[in-house]
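Novice: Fold the stuff below for me.
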Amino acid sequence: MQAYKLNATIDESGHLIIDEPLNIAPGTVEVIILQPVPSLETPTESQPEKPKRKSKVKAFEGLFENAPPTPPDFDPDQARWEALKEKHNL
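Specialist: This next block holds a predicted model:
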């Protein structure tokens, strides 16, 4: 199957309108629609800006910016113990 990327619009009645001519052979096609969503990077009035997570390791710089926050009830010692139990079949 050959893939083509093009721009299109959905009108108020729900019809797909392709904004540019297609130079492909006639026949049946499969359509996948990707709709952009508002970015979580730009804070809104209701969403305060998330604090930046810093890393002392240069290779990890920027890695934690998009990572989800840890839950408030997260216990690192319990997580280590669970990992060791699984690793050593305890």
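
Novice: what ranges do the helices span in the chain?
Specialist: Taking DSSP state H to define them, one finds helices in the chain at 76-87.

Novice: Go ahead and flag the most central residue of it.
Specialist: N66 (9.2 Å; Cα atoms, centre = their mean).

Novice: Run a quick neighbour tally on N7.
Specialist: Neighbour count of N7, defined by other Cβ atoms under 10 Å: 8. The C-beta positions use only the backbone N, C-alpha and C, and glycine is treated the same way.

Novice: To clarify, my last question referred to E61.
Specialist: 11.

Novice: Can you tell me how far it is from S55?
Specialist: The gap separating E61 from S55 is 6 Å, by Cβ to Cβ, to the nearest Å.

Novice: which ones are touching A8?
Specialist: With contacts defined as Cβ atoms under 8 Å, 6 or more residues apart in numbering, the neighbours of A8 are L16, I17, I18, D19.

Novice: Closest one of those residues to P26?
Specialist: I18 (14.4 Å; Cβ to Cβ).

Novice: Leaving out chain neighbours, which residue sits closest to that closest one?
Specialist: Spatially, and ignoring its direct neighbours in sequence, I18 is nearest to A8 (4.7 Å; Cβ to Cβ, 6 or more residues apart in numbering).

Novice: Relative to E82, how far out is the one you found?
Specialist: 48 Å.

Novice: go on, E61?
Specialist: 29 Å.

Novice: Then F64?
Specialist: 22 Å.

Novice: likewise F74?
Specialist: Taken as Cβ to Cβ, the span from F74 to E82 is 12 Å.

Novice: ok, back up a step: can the contacts of A8 go into TSV with extra columns for distance to I33?
Specialist: Shown next, in TSV, are the contacts of A8 (distance: Cβ to Cβ, whole Å):
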residue	distance to I33
L16	8
I17	12
I18	12
D19	14
